[in-house]
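1. What shape does this take:
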Amino acid sequence: MRSYDAVIIGAGPNGLVAGNVLADAGWRVLVLEAQHRIGGAVASDSDVQDGYIHDTFSSFYPLAAASPVLTAMNLDRFGLTWSHAPAVVGSPDRNGGWALIHHDPRDTAEGLERLHAGDGDAWERMYTDWTHIGGALVDALLSPFPPLRAGLRAAFKLRKVGSLSFIRMLLEPSRTLAGTRLRGTAAQLLIAGNAAHADIPPDAAGSGLFGWLLAMLAQDVGFPVAQGGAAHLAAALGARFTGLGGDIRCNAEVTRIEVDHGRAVGVRLTDGEIIPVRRAVIADVSAPALYGQLVGWEQLPARVHRQMRSFQWDPGTVKVDWALNGPVPWHDSPPTAPGTVHLTGSIDDLSQWMTHINSGLVPADPFLLIGQMTTADPTRSPPGTEALWAYTHVPQHVRGDAGGQHITGHWSHTDAQRIADRMQGKIERAAPGFTDRILARRILTPPDLYNRDANLVGGALNAGTAALHQQLIFRPIPGLGRAGTPIRGLYLGSAAAHPGGGVHGACGANAARAALAHDRLHPLTR
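-> Model (predicted):
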């Protein structure tokens, strides 16, 4: 049997990135995946309707396009082609018209200025700040914490953007950041709607950073999709890895990490097979799956057990895919079609939606994040049609239904149909005739998402809340803000580790680099 320097548990994007980094360093690496395919939450299929390709989970990848880790891998050489919609992000204004983020910041500013005088200049000022510090800030956010080199570079750039006033802006709630700089409701939703991609309420500190970051990335790298389906991104990572000599085994579920004298020495599979490892085990799994399950509490310090009791998931998710026989018939069609649409009335509506979720209630008026996939990539469905999806968040533990339809949170067939109809009705009101264009519909409830990817516990997309109390040195629990764990040679390389959710590969890369560094420092502990 072939021996391995490292075994990686999970072939999601972080696991595949970790494998590539270690293989680049000359290590012999095995990636084990419980599912029948690689990719984790980066996958696509044609199950909704023949001739239509839908991404099962994630679709738009601004963080992948901006990630120094992924860009350095030159995945275009392994079959990945990015595709872009004519416009990046759009929010329909309830008074008519659309606020749109275009690929050219000047077009964005001109469009916002037409909707509300002064908003164009305000947008240009925000983007000018981005041009000064954006690259350094992305590097700092994706680097292991604390980001010494990248942080110093970002600190040096601060004087160009107002130093403390700029830091204050990033810590503002997205409501404050958007409301004090932009006057138009739809324009404000370009910031607050992007912030809602995370689970931080628009009135909470830190949500402004997420909103500003994604809105500015939309101008810089766009919101690209993988041509032909998200699975092509996973396939490119897998092809690069195996081309370097790495091995991948699917249908290989790990049930235990073997620990000897405080060090990870191998992994055990469901059939009892033990695979020994010489240098490192990297776990691309959720924090609760690692601490207490793959590694028993008896092998961990008591503080880890105690602190994991306070670990907080992000909300659950319901995703609906539609095959349409034509484009979405928006009531007031946007002048340039966006790939991503934020559908809500105002920041107040966004706040109410999040309040319902945090109160354990299925929201009566869900905020919808919508992907017009054929608009972004014409290969996704026949000409003149649209492969569409929308998702919304729901509580991890449902206490009631603010919409009065008695959705229980057991996610039975009845629950699934009721929440999907609620989401579909919201699109119908913004796009009369939408329902008549539906050829097929697929509903993925929180249990469905979990069954397809065990890291999506309860439909949580970010492996734990992105709120400030569980970020940086507090992710996933206080004191474990880096990839290392209390077990020597074991590293957490999933979105449960810093810097968290999003397809950027940084969690996996940080874990792999930590393993390499520790191996150089302590070669005799192998």
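2. Would you mind pulling the contact partners of stretch 431-444?
-> By Cβ atoms under 8 Å, 6 or more residues apart in numbering, the residues outside stretch 431-444 that reach it are 47-49, 52, 54, 56, 318-326, 328-331, 386, 416-417, 419-420, 424, 427-428, 452. Backbone N, C-alpha and C define where each C-beta goes, glycine included.
3. let's go with 7 Å and repeat that
-> Outside stretch 431-444, the residues that touch it by Cβ atoms under 7 Å, 6 or more residues apart in numbering are 47-49, 319-326, 328-331, 416, 420, 424, 427-428.
4. Leaving out chain neighbours, which residue sits closest to Arg125?
-> Arg181 (7.8 Å; Cβ to Cβ, 6 or more residues apart in numbering).
5. Check that neighbour and give its pLDDT.
-> Note on Arg181: pLDDT of 87.
6. for Gly206, same thing?
-> Per-residue confidence (pLDDT) for Gly206: 80.
7. ok so, going back, among the contacts of stretch 431-444, which are in helices?
-> Ala416, Ala420, Gln424, Ile427, Glu428 (DSSP state H).
8. Just the buried ones out of the contacts of stretch 431-444, please.
-> For these, a burial check counting by 16 or more other Cβ atoms under 10 Å picks out 48-49, 319-324, 328-330, 416, 420, 424, 427.
9. Among those residues, give me the pair with the biggest separation.
-> Farthest-apart pair in the buried ones among the contacts of stretch 431-444 is Trp330 and Ala416; separation 25.9 Å (Cβ to Cβ).
10. Confirm that Ala512 sits in a helix.
-> Yes - assigned with DSSP: H, G, I helix; E, B strand; the rest coil, Ala512 falls within a helix.
11. Tell me, domain by domain, which residues of the protein belong where.
-> Taking automatic domain parsing as the criterion, the chain consists of the domains 4-43+230-311+462-525, 119-215, 312-452.
12. now the longest one: how far from the chain's centre is it?
-> Okay, so that is domain 4-43+230-311+462-525. Centroid displacement of domain 4-43+230-311+462-525 relative to its chain, using Cα atoms, centre = their mean, to the nearest Å, is 17 Å.
13. Now that domain: average pLDDT?
-> The average pLDDT within domain 4-43+230-311+462-525 is 93.
14. coming back round to it: closest to Leu30 out of the buried ones among the contacts of stretch 431-444?
-> Relative to Leu30, and with distances defined as Cβ to Cβ, the nearest of these is Lys319, at 31.6 Å.
15. where do the strands sit along the stretch 201-350 of the chain?
-> For the stretch 201-350 of the chain, applying DSSP state E, counting those that start in this stretch gives strands covering 225-226, 247-249, 254-260, 263-269, 274-283, 316-324, 338-343.
16. Check what pLDDT Gly151 gets.
-> At Gly151, pLDDT is 63.
17. same question but for Leu158, I mixed them up
-> 68.
18. Look up the closest residue to Val341, ignoring the ones flanking it.
-> Excluding its sequence neighbours, the residue lying closest to Val341 (Cβ to Cβ, 6+ apart) is Ile370, at 4.0 Å.
19. should've said Gly345
-> Nearest to Gly345 is Arg94, by Cβ to Cβ, 6+ apart, at 5.4 Å.
20. What's the separation between the one you found and Gly222?
-> 26 Å (Cβ to Cβ, to the nearest Å).
21. more crowded one of those two?
-> Comparing Arg94 with Gly222 by other Cβ atoms under 10 Å, the one with more neighbours is Gly222, at 25 against 14.
22. my read: that one touches Ala85, true?
-> No - judged on Cβ atoms under 7 Å, Gly222 makes no contact with Ala85 at a distance of 8.2 Å.
23. the longest helix in this protein is where?
-> Ordering each helix of the chain by length in residues (DSSP H) puts helix 119-142 first.
24. what are the bridge partners for Arg256, then?
-> Here Arg256 shows beta-bridge partners Arg268, assigned using DSSP bridges.
25. swap that for Leu343, sorry
-> Here Leu343, judged by DSSP bridges, has bridge partners Leu368.
26. who touches it in this structure?
-> Leu368, Ile370, Lys426, Ile427, Ala430.
27. Can you check the pLDDT for it?
-> With respect to pLDDT, Leu343 has a value of 95.
28. Distance-wise, check it relative to Gly51.
-> From Leu343 across to Gly51, the span is 26 Å (Cβ to Cβ).
29. same question, Gly40
-> Gly40 is 26 Å from Gly51, by Cβ to Cβ.
30. on that earlier part again, rounded mean pLDDT for the longest helix of the chain, please.
-> Across helix 119-142, pLDDT averages out at 87.
31. So which other helices or strands are in contact with that helix?
-> helix 105-115, helix 148-157, helix 207-220 (3 or more Cβ pairs under 7 Å, 6 or more residues apart in numbering; DSSP states H and E).
32. at 8 Å instead, please
-> helix 68-71, helix 105-115, helix 148-157, helix 174-181, helix 207-220 (3 or more Cβ pairs under 8 Å, 6 or more residues apart in numbering; DSSP states H and E).
33. Dump that helix to PDB, keeping only the CA atoms.
-> Taking C-alpha atoms only, helix 119-142 is exported to PDB below (Å, rounded to 0.1, in the frame of the first residue of the first chain):
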ATOM      1  CA  ASP A 119     -25.000  58.800  -5.400                       C
ATOM      2  CA  GLY A 120     -22.700  58.500  -8.400                       C
ATOM      3  CA  ASP A 121     -20.100  60.700  -6.800                       C
ATOM      4  CA  ALA A 122     -20.400  58.800  -3.500                       C
ATOM      5  CA  TRP A 123     -19.900  55.500  -5.300                       C
ATOM      6  CA  GLU A 124     -16.800  56.800  -7.100                       C
ATOM      7  CA  ARG A 125     -15.300  57.900  -3.800                       C
ATOM      8  CA  MET A 126     -15.900  54.400  -2.300                       C
ATOM      9  CA  TYR A 127     -14.300  52.800  -5.300                       C
ATOM     10  CA  THR A 128     -11.300  55.200  -5.200                       C
ATOM     11  CA  ASP A 129     -10.700  54.000  -1.700                       C
ATOM     12  CA  TRP A 130     -10.800  50.400  -3.000                       C
ATOM     13  CA  THR A 131      -8.200  51.100  -5.600                       C
ATOM     14  CA  HIS A 132      -5.800  52.300  -2.900                       C
ATOM     15  CA  ILE A 133      -6.300  49.500  -0.300                       C
ATOM     16  CA  GLY A 134      -8.500  46.800  -1.800                       C
ATOM     17  CA  GLY A 135      -5.700  44.400  -2.800                       C
ATOM     18  CA  ALA A 136      -3.800  44.700   0.400                       C
ATOM     19  CA  LEU A 137      -7.100  44.300   2.400                       C
ATOM     20  CA  VAL A 138      -8.000  41.100   0.600                       C
ATOM     21  CA  ASP A 139      -4.500  39.700   1.200                       C
ATOM     22  CA  ALA A 140      -4.800  40.600   4.900                       C
ATOM     23  CA  LEU A 141      -8.300  39.000   5.300                       C
ATOM     24  CA  LEU A 142      -7.300  35.800   3.600                       C
END
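34. between that helix and helix 207-220, how many degrees?
-> 100 degrees (axes from the mean of the first three to the mean of the last three Cα atoms, to 10 degrees).
35. Quick check: buried residues in helix 119-142?
-> By 16+ other Cβ under 10 Å, the buried positions in helix 119-142 come out as 119-120, 122-124, 126-127, 129-130, 132-142.
36. so Asp24 touches Leu244, yeah?
-> Yes - between Asp24 and Leu244 there is a contact under Cβ atoms under 8 Å: 6.7 Å.
37. Now do the contacts for the spatially closest residue to Cys250 that is not a sequence neighbour.
-> Computed as Cβ to Cβ, 6+ apart, the closest residue to Cys250 that is not its neighbour in sequence is Glu33, at 4.7 Å. By Cβ under 8 Å, 6+ apart, the contact set of Glu33 is Gly10, Ala11, Gly15, Ile248, Arg249, Cys250, Asn251, Ala252.
38. Fine by me, thanks again.
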